[in-house]
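Student: kindly return the folded structure for what I paste below:
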Amino acid sequence: MTFMPRGFDLIMDVDVRLTVELGKTEMKLKDVLALTEESVVVLDRMTDELLDVMVNGKLIARGEVVAQGDRFGLRIVELVGQDAPTAEVRGAA
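Tutor: Okay, here's the model as predicted:
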């Protein structure tokens, strides 16, 4: 059962954007324009690392990809607390 503060039900129908970030990389525009159907783009994340789950750009959880039938899904592995680093800070080098 999930705890919901009093009055929280007033905003339960607000639309938000949920994003799952597989990884990222930096490329020169000429390299982006040279991408083809067979191109492989190497990302900054290892295959055993969890994916970032964000709501409206704010990191809220981490998870892993699962297959559900003929679709991909996401299994939430950990919820991020308020004192956890943000995705921007974690990804900065």
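
Student: in stretch 35-52, which residues are buried?
Tutor: By neighbour count on 16 or more other C-beta atoms under 10 Å, the buried set for stretch 35-52 is Arg45, Leu51, Asp52. In short, each C-beta sits where N, CA and C put it, glycine included.

Student: now do the contacts for the closest residue to the first one other than its chain neighbours.
Tutor: Computed as C-beta to C-beta, 6 or more residues apart in numbering, the closest residue to Arg45 that is not its neighbour in sequence is Gly23, at 3.6 Å. With C-beta atoms under 8 Å, 6 or more residues apart in numbering as the criterion, the residues that contact Gly23 are Leu43, Asp44, Arg45.

Student: Serialize the buried residues of stretch 35-52 to CSV and add fields for distance to Asp9 and secondary structure.
Tutor: Listed next are these as CSV, based on distance: C-beta to C-beta, whole Å; DSSP: H, G, I helix; E, B strand; the rest coil:
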residue, distance to Asp9, secondary structure
Arg45, 37, coil
Leu51, 30, strand
Asp52, 28, strand
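
Student: need those in CSV (columns: pLDDT).
Tutor: Below are those laid out as CSV (pLDDT from 0 to 100):
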residue, pLDDT
Arg45, 92
Leu51, 95
Asp52, 95
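
Student: show me the shaky parts of the protein.
Tutor: Scanning the chain for pLDDT under 70 picks out the ranges 1-5, 82-93.

Student: where do the helices sit along it?
Tutor: Ranges of helices within the chain are 29-33, 87-91, based on DSSP state H.

Student: hey, which strand is longest across this protein?
Tutor: strand 58-68 (DSSP state E).

Student: for this protein, just list every one of the strands.
Tutor: 18-21, 51-55, 58-68, 71-79.
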